[in-house]
Each structure stands twice: as C-alpha cells, then as structure tokens.
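> Here is my input, please return the structure:
(2 chains)
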Amino acid sequence: MKNIKLDPIWIFLCHKNDPIPASERILCCAQVYGAALGMQLPGQLKITRPDNKKPYFENALFLHFSVSHSDGLWILALSTLPVGIDAQHHRACDKKGIASRFFHPKEQALLENDQYTSFFRIWTAKESYVKYTGAGITDDYASFSVADTARLSVSLGNAIFSFLPGGDHFTLCLCSESVGTIFLKDTRF
Amino acid sequence: MLALIQEIIYNVTGKTNVHYDTDFIKDLELNSFDIMNIICAFEDRLGVSVPTRDVWQLHQVKDAIAYMEQKGITL
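Residues are numbered from 1 along each chain as shown, chains lettered A, B, ... in the order given. From the prediction side, this is the model:
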C-alpha cells in the first residue's frame, strides 16, 4: 500500500498594510506553526532570498513557505512539504490579451468555452504551481496547462491544486504535494 | 518614455507618483499579475515583444527606460 503523507498546511491572511513588516510576519507565523506541530525550530529563523528565486528558511530547510499579496491582501502558506500559494484580486484587465500571452492553448480554449469565468482560477493555479516548483514566471509559462478544454485540472504532476475561500473579490489557490488539514487563520477582522 | 510608462501603470493599476527611481515592487507594491498586465499593455501599445526572462531584470522605471533604449524601442 502506498504510504501517503498528509501534509498539515497552515494559511495566514493579513492586511498588506499590517504594521508588522512582512518578513517579521513570516517569522512569527512560522514559530506558531512550528510550535503547533511540535517542531524544534531555531529561535531565530533566517530567510534567504536568492535573486528571482523562491525564498526559504536557511536554517530550517524542512519548513516550507510561500507568500502572495494582491490589493490589500497578504497571504502566507506554511507546510512541511514544498508549497506555493497565490492570491489575486479580481481587477479589471485585458483577460484575452493576458491569456494569449501567458496561457497554454488548452487554458485559452477553456476560457473561450466559459466566457473567461475561469480566468483568475487559471492565473492563480499557474502562479501557485510555479511558486511550488520554484521556477517562477518564465518564458515557459504558457508551456504547461492547469486545465483541459472542459475544466480546470485538480493536479499537475505531483502537485495538487486547492482553491480556498476568497469571497467575491479574490481567488486564492494553494499548490502542494499532498493536502491533509488546511488551517486557515484570517487576522484581518 | 517616462510619460508612457506612467500612463500605462496608471491605466493598469491606478498607481500614480511614478518617477525614474521608482521601484516596481518595493515602491508601487506591484505583484506578478500587475507586472504581466503592464507588459501586455506595453507590448500592445508599442507592437514589441519583451521576453519574460528580461522582465525580472527591470526593477526600477529607469531600468525599463534603459532596456528600451538598448533594444532600440521608440515611441
């Protein structure tokens, strides 16, 4: 029988203009997560940010995180496995132009079929995926698809997509290797 | 060229107060989606193509202007 590891993932949502700086927020949340899971974390976690690459905890490589922000919302995912998260406000934009430039033909076909209602789900799924892999948005962004012509995919390779509640104005997508418990902590209210 | 960049950023994001030394991420707090929107608008406006790999090297407005000059992109 395949041994499936169910990964506990914690999501923190804050106002982007929260008085605590974003880097401190990450460290605080990581300590809360580590304590809850009984991890032995260094007292002072160190974040390394390679140029245009995924940031990581230099002295806690077993702890993974991903950050996103959009129009006032800041969101952090913490996990024991690689993780990517993306949040996007539903702002007015040239959906067709963006899709033709950055989306795979299958994703474009789905959008034509559903009158672009899946646009932000496709964008956040793609961006959470490249955050999960660490590749970031590159010239290959249109070379992979998170959808077929009829619907969004629930996974891509080893990665699983989970859409989180974002209300009427945001789409939030989590990309991870496995999904056990997702704990969502919204500190905005 | 600065005026064009200011106009495109305003049209796409509503952000103003854009100058030569403005950093797209640190000062304007743009995310990837904003930046890709701006690139699309820029390409559409000038009829050029900007490789995505080049986009991430352009941190400030002056970097974008220098890039356009280097590539011979004119209004």
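> list the helices and strands the longest helix anywhere in chain B packs on?
Counting by DSSP state H, the longest helix found in chain B is helix B:32-46. Applying 3 or more Cβ pairs under 8 Å, 6 or more residues apart in numbering or on different chains; DSSP states H and E, one finds that helix B:32-46 makes contact with helix A:95-102, helix A:119-133, helix B:2-13, helix B:52-55. From N, CA and C alone the C-beta is placed, and that goes for glycine too.
> what's the most buried one of those helices?
helix A:119-133 (a mean of 25; mean count of other Cβ atoms under 10 Å in any protein chain shown).
> now it: mean pLDDT?
For helix A:119-133, mean pLDDT is 97.
> again, but for stretch A:178-189
Stretch A:178-189 comes out at a mean pLDDT of 81.
> Could you do stretch B:6-25 as well?
Rounded mean pLDDT across stretch B:6-25 is 95.
> neighbouring contacts of it?
Stretch B:6-25 is contacted by residues A:93, B:2, B:5, B:28, B:30, B:34-35, B:37-38, B:41-42, B:45, B:58-62, B:65 when judged by Cβ atoms under 8 Å, 6 or more residues apart in numbering or on different chains.
> End to end on that stretch, go ahead and measure it.
One end of stretch B:6-25 sits 15 Å from the other (Cα to Cα, to the nearest Å).
> same deal with stretch A:178-188?
End-to-end span of stretch A:178-188 (Cα to Cα): 27 Å.
> Same question for stretch A:161-173.
End-to-end for stretch A:161-173, by Cα to Cα: 7 Å.
> buried residues in that stretch?
Neighbour-count burial for stretch A:161-173 flags A:F161, A:S162, A:L164, A:G166, A:F170, A:T171, A:L172, A:C173 (criterion: 16 or more other Cβ atoms under 10 Å in any protein chain shown).
> Does chain B have contacts with it?
No - taking Cβ under 8 Å from any Cβ of the partner chain as the criterion, stretch A:161-173 and chain B are apart, separated by no less than 10.6 Å.
> rewinding a little: which one of the helices and strands packed on helix B:32-46 lies nearest to A:Y33?
helix A:119-133 (17.7 Å; Cβ to Cβ).
> which parts of stretch B:27-42 are buried?
B:28-42.
> For A:S162, pull up the helix or strand it's in.
For A:S162, the host element (DSSP states H and E) is strand A:159-164.
> So in that sheet, which strands flank that strand, and in what orientation?
Applying DSSP bridges, strand A:159-164 is found paired with strand A:155-156 (antiparallel), strand A:170-176 (antiparallel).
> tell me the contacts of the closest residue to A:P82 other than its chain neighbours?
With Cβ to Cβ, 6 or more residues apart in numbering or on different chains as the criterion, A:P82 has its nearest non-adjacent residue at 5.2 Å, and that residue is A:H64. A:H64 makes contact with A:Y56, A:L78, A:S79, A:T80, A:L81, A:P82, A:V83, according to Cβ under 8 Å, 6+ apart.
> Quickly name whichever of those is closest to chain B.
For these, the closest approach to chain B (Cβ to the nearest Cβ) belongs to A:V83, at 16.9 Å.
> okay, now that closest one: neighbour count?
22 (other Cβ atoms under 10 Å in any protein chain shown).
> Could you pull up the residues touching it?
A:V83 touches A:I9, A:H64, A:F65, A:S66, A:A77, A:K131, A:Y132, A:L174, A:C175, A:S176, counting by Cβ under 8 Å, 6+ apart.
> ok, what's across the strand from the most centrally placed residue in chain A?
Centroid-nearest residue in chain A: A:I85, 0.7 Å away (criterion: Cα atoms, centre = their mean). Counting by DSSP bridges, A:I85 is bridged to A:L174.
> strand partners of the helix or strand hosting A:A77, parallel vs antiparallel please.
Using DSSP H and E, A:A77 sits in strand A:73-79. Paired strands of strand A:73-79, with direction, are strand A:9-15 (antiparallel), strand A:64-70 (antiparallel) (DSSP bridges).
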